[in-house]
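Visitor: Return a 3D structure for these sequence lines:
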Amino acid sequence: MQIRLIKKGSRTLMICDRKDKTTDTIDLGDSFPAHDLAHFVVENTLGMQQGFYGNIWQGYTFAQLNDKHVIKTLPTESMHAEVITRALQTLASGACRQDDFLNMLYLELQTDNLPYRILPETIEKMQQEYEKLLQTWQQKNEITLTLEL
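Guide: Numbers count the residues shown, from 1 in each chain. Got it, this is the predicted structure:
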């Protein structure tokens, strides 16, 4: 899946190419796409197929994935992707330490039985990749990311 983030003046566009050769585009406004970059890192690192980008790949639209009624019907992996993404952002902001990361996930998801191997080195790898993407975004007007689904 190709994910393109493009700066247009003070605005950011995100364009995702789906498996059926269609695309979906969203204007993120003047917001910094930190959450979208974190989703990419989490879903790519953990091999998620039904996270945010996996759902776009399967045919959901950005509008549908922002609809609380649709969100309730999504696979469990979608919620896992969202919670892990928020935890990664919290970690990168310095609001938690790496050794708090898993406990934060377990608390929010109310389980410590996740179907992903999230080892300390996995957490470190995600944090480093996320911080690298944030720096790249600040230096460039366009980023193209490839997510293998």
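Visitor: and the longest helix belonging to the chain, what does it pack onto?
Guide: The longest helix of the chain (DSSP state H) is helix 120-139. Here helix 120-139 touches helix 34-46, helix 76-93, helix 98-109, strand 142-146, going by 3 or more C-beta pairs under 8 Å, 6 or more residues apart in numbering; DSSP states H and E. Quick note: C-beta positions are derived from backbone N, CA and C, even for glycine.
Visitor: In it, which residues are buried?
Guide: Neighbour-count burial for helix 120-139 flags I123, M126, Q127, E129, Y130, L133, L134, W137 (criterion: 16 or more other C-beta atoms under 10 Å).
Visitor: now swap in stretch 27-47 and tell me
Guide: Neighbour-count burial for stretch 27-47 [16+ other C-beta under 10 Å]: 28, 33-46.
Visitor: hey, which of the helices and strands packed on helix 120-139 is tucked in deepest?
Guide: Scoring those by mean neighbour count under mean count of other C-beta atoms under 10 Å gives helix 34-46 as the most buried, with a mean of 22.
Visitor: Can you name every helix or strand that that one contacts?
Guide: strand 2-8, helix 52-58, helix 76-93, helix 120-139.
Visitor: quick one: that helix to helix 120-139, angle?
Guide: Angle of helix 34-46 versus helix 120-139, following axes from the mean of the first three to the mean of the last three C-alpha atoms, to 10 degrees, is 140 degrees.
Visitor: Redo the buried residues of helix 120-139 as JSON lines? Include distance to A92 and pLDDT.
Guide: Below are those laid out as JSON lines (distance: C-beta to C-beta, whole Å; pLDDT from 0 to 100):
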{"residue": "I123", "distance to A92": "11", "pLDDT": "96"}
{"residue": "M126", "distance to A92": "9", "pLDDT": "97"}
{"residue": "Q127", "distance to A92": "6", "pLDDT": "97"}
{"residue": "E129", "distance to A92": "10", "pLDDT": "96"}
{"residue": "Y130", "distance to A92": "6", "pLDDT": "97"}
{"residue": "L133", "distance to A92": "10", "pLDDT": "94"}
{"residue": "L134", "distance to A92": "8", "pLDDT": "93"}
{"residue": "W137", "distance to A92": "13", "pLDDT": "90"}
